[in-house]
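[1] got a predicted structure plus its sequence, pasted below:
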Amino acid sequence: MSLLLAGVTVVALAGCGIGVPEGVVHDGPGPSAGPGLASPENETPPKWSPNNLDPRQLVMDFLQAPAGDHVNGHTAIMNEVRKFLADGEGWEPGGNLTLVRVVDEPSPRGNTADVTLRHLGTLTVDGEVIPSQNPTEKRYRFKFVQKPGGPGLVLAERPDEQLMLDVDSLTKYYAKLPIYFWNSDDTALVPDVRYMPTAVAEEQRNNRLFDWLNNGSSAWLEGAVKPVPKDTQRVGSIVEDAHQLTVNLGALVDQTPRDTLAAQLYWTLWPEGEQRLQLQMDGRDVATDYRFPEKNLAVAARGTDPGRYAVVDGVLRRLRWGNDHRGVLQLDDAVNRNVVSAAVARDEAAFALVRNVGGGQRLFIGSARDQIAEVPGLRAASISRPIWLDRAASTVLVLADGRPWVVSARDRKAEEVRGAAVGKTFTGLTVAPDGRRMALVREGNLYVAALKRQGTKLSSFAMGDLRRVPTSLDGQLQEVAFMQEDTLVVSSSGDKVSLAQVTIDGAIEQVFPTNQRGVVTNLTAYVANAGRSVTTGSVLLDLDGEAHLAFEGSLQRVGGQTMPVVPPKSPEPSPSTSPSASASPAPPIEPVLSAACFEG
């Protein structure tokens with residue numbers, strides 16, 4: 001988990017086309033977990049070689065050989081894969097690949113090699129990873145024979161009827177790219193992660209992304225997003241040069257579909273550098289609304305780093321960080337006490353405080369200008385750290401005794417989230433900046449679900465079907481937070497505390513052991529940018545009730561030189577004639593900070 005905090009890139013908008021939006025950091029062709037559209041070494045999947053007499057390498061090569069473009073190159077890929085087999089004639093498993101993780105290295109013995117594989121899901125020809133809902137490990141035995149009629153080793157038989165692909169291939173031979181759909185209210189864009197084979201010809205990649213959009217979103221997002229406008233079709237190929245991406249469409253009569261599609265295509269096709277996006281209707285340039293940055297809520301506000309806060313002795317305090325030189329947090333002492341955790345809306349427009357009250361916990365909510373008051377309909381033994389939806393100051397989501405509730409900041413009404421959440425309890429909850437994708441921890445495992453809703457109408461909030469996301473820490477997880485649009489950070493507790501960075505589909509994962517023990521709570525992160533940016537924000541958590549900053553596998557206590565607390569205004573000293581008045585004061589006691597959080 002890096003602490004990359006990028007600045008703002010500003011490029012002028014020209015003509016009727018759409019250029020790079022202000023506040024969006026255009027710093028790479030793909031997220032850090034995956035390569036660019038073409039690797040510098042032009043890596044290609046391994047092929048069978050008569051010179052390869054190492055059984056270990058033969059197994060690993062066989063599991064990576066199926067990588068590639070199964071839309072246009074399936075026949076060629078299968079011809080190469082069959083060369084690994086003594087008899088591959090007639091084997092036609094189709095273009096969807098079974099993703100597996102190699103749990104241990106192949107162990108050769110005689111003419112066999114055993115290897116344990118964990119089934120993670122399916123990579124479809126549309127670039128979608130569908131996670132396995134029952135991820136299991138299986139021990140495979142690969143048997144080797146001399147290639148009939150020639151030198152080299154081959155597999156005596158197929159280990160599985162399905163075409164298996166080592167998940168590590170995704171970071172070598174694919175680019176992780178988001179495509180974007182409008183939410184059900186047409187108010188913001190929602191990303192849907194896909195994997196583009198680097199073998200796809202450069203001039204065809206944008207066409208492929210467009211076609212994926214037209215084919216619709218992943219099934220788990222159903223009800224939270226909308227398809228592209230009806231009858232949307234591209235005419236010919238998308239044309240790209242150094243200055244422009246030109247998309248020629250069949251006629252769209254109304255201006256509104258043009259504008260929404262323009263924003264959707266910009267974020268999906270991601271023009272590079274000074275390129276702009278130009279829509280055409282039947283070959284003629286058309287003007288479109290270029291005010292699309294605000295339609296992706298993951299765009300960092302004005303490119304600035306958010307403020308940091310923490311609880312000190314039951315009081316929410318501002319922390320010193322970066323260029324944030326604001327003074328003491330101005331909250332009424334009557335409400336800013338007995339605080340357990342908090343959420344601060346963007347620009348400190350509103351606050352949500354969880355407080356200990358009368359042996360239980362209560363939620364208090366309101367703006368800094370108005371009274372912050374208790375939410376009367378929500379009382380529980382335990383309430384999780386609040387989450388502001390849509391990075392706005394209107395609606396909060398919490399877990400109350402493990403059950404998801406949504407709360408209106410305007411009238412402080414609360415309702416339990418309906419749908420798949422009913423009757424279930426969770427230990428961890430996070431919501432993406434788009435406000436339509438949730439990640440949850442239940443019984444130690446990670447799940448995602450769509451958050452179906454009509455704006456901020458409380459009675460409309462419903463959780464879609466839970467989708468299991470496999471991780472290496474299954475059964476041990478406690479909390480979860482979004483750290484990129486398509487990437488989560490999860491934590492375990494106990495004798496060996498670990499953090500893991502995992503894509504929302506479970507395909508790409510990196511585990512960071514901390515070599516510490518304890519209970520992790522209040523895990524939170526900040527999504528610092530959008531699109532194909534590599535930028536990630538900070539990760540904060542409590543370990544045994546003390547706030548820490550996470551950096552890969554290391555945890556550093558918050559406070560002191562690391563995000564110090566903004567000191568309160570000192571009272572004027574009173575005159576004194578005591579001999580002890582000039583004595584050196586005792587060194588201050590370093591306060592214990594907890595429940596550190598971000599603005600926004």
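    It's in. Numbers count the residues shown, from 1 in each chain.

[2] so which helix or strand takes in Asp529?
    Actually, residue 529 is Asn. It isn't Asp. Under the criterion DSSP states H and E, no helix or strand holds Asn529.

[3] can you report phi and psi for Val511?
    Backbone torsions of Val511, given as degrees, to the nearest 10, read phi -100, psi 140.

[4] OK, contacts around it?
    Neighbour list for Val511: Ser472, Leu473, Ser498, Leu499, Ala500 [criterion: Cβ atoms under 8 Å, 6 or more residues apart in numbering]. Glycine gets a C-beta too; all of them are placed from N, C-alpha and C.

[5] so the fourth one bridges to which residues?
    Right, Leu499. With DSSP bridges as the criterion, Leu499 is bridged to Ser491, Phe512.

[6] how about the contacts made by it?
    Met1, Val489, Val490, Ser491, Ser492, Val511, Phe512, Thr514, Val539, Ala550, Gly553.

[7] still on that earlier bit, for Val311, state which of the contacts of Val511 is nearest.
    Comparing the contacts of Val511 against Val311 with Cβ to Cβ places Leu499 closest, at 21.6 Å.

[8] ok, the closest one to Val167 distance?
    19 Å (Cβ to Cβ, to the nearest Å).

[9] what's the answer for Ala188, then?
    On the measure of Cβ to Cβ, Ala188 and Val167 end up 31 Å apart.

[10] okay, the two: which has more neighbours?
    Val167 (23 against 20; other Cβ atoms under 10 Å).

[11] how about the more buried one, what does it touch?
    Applying Cβ under 8 Å, 6+ apart, the residues near Val167 are Leu99, Val100, Arg101, Leu120, Ala507, Ile508.

[12] returning to what we had before: the contacts of Val511 into TSV, with extra columns for pLDDT and distance to Gln278?
    Shown next, in TSV, are those (pLDDT from 0 to 100; distance: Cβ to Cβ, whole Å):
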residue	pLDDT	distance to Gln278
Ser472	95	45
Leu473	95	46
Ser498	95	48
Leu499	96	43
Ala500	96	42
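
[13] and which of those residues is nearest Asn248?
    Using Cβ to Cβ, those come closest to Asn248 at Ala500, 43.6 Å.

[14] for Val502, see how far away the spatially closest residue to that closest one that is not a sequence neighbour is.
    Closest residue to Ala500 apart from its sequence neighbours, by Cβ to Cβ, 6 or more residues apart in numbering: Val511 at 4.6 Å. As judged by Cβ to Cβ, Val511 and Val502 stand 9 Å apart.

[15] still on that earlier bit, could you check the pLDDT of the residue nearest to Ala500?
    For Val511, the pLDDT comes out at 95.

[16] cool, the one 5 residues further on as well?
    Predicted confidence (pLDDT) for Gln516: 91.

[17] one more: Leu3?
    pLDDT, Leu3: 39.

[18] and the contacts of the longest strand along the chain?
    Counting by DSSP state E, the longest strand found in the chain is strand 112-123. With contact meaning Cβ under 8 Å, 6+ apart, strand 112-123 is reached by 55-56, 58-59, 96-107, 129-132, 135-144, 164-165, 167, 170, 195, 470, 505-507.
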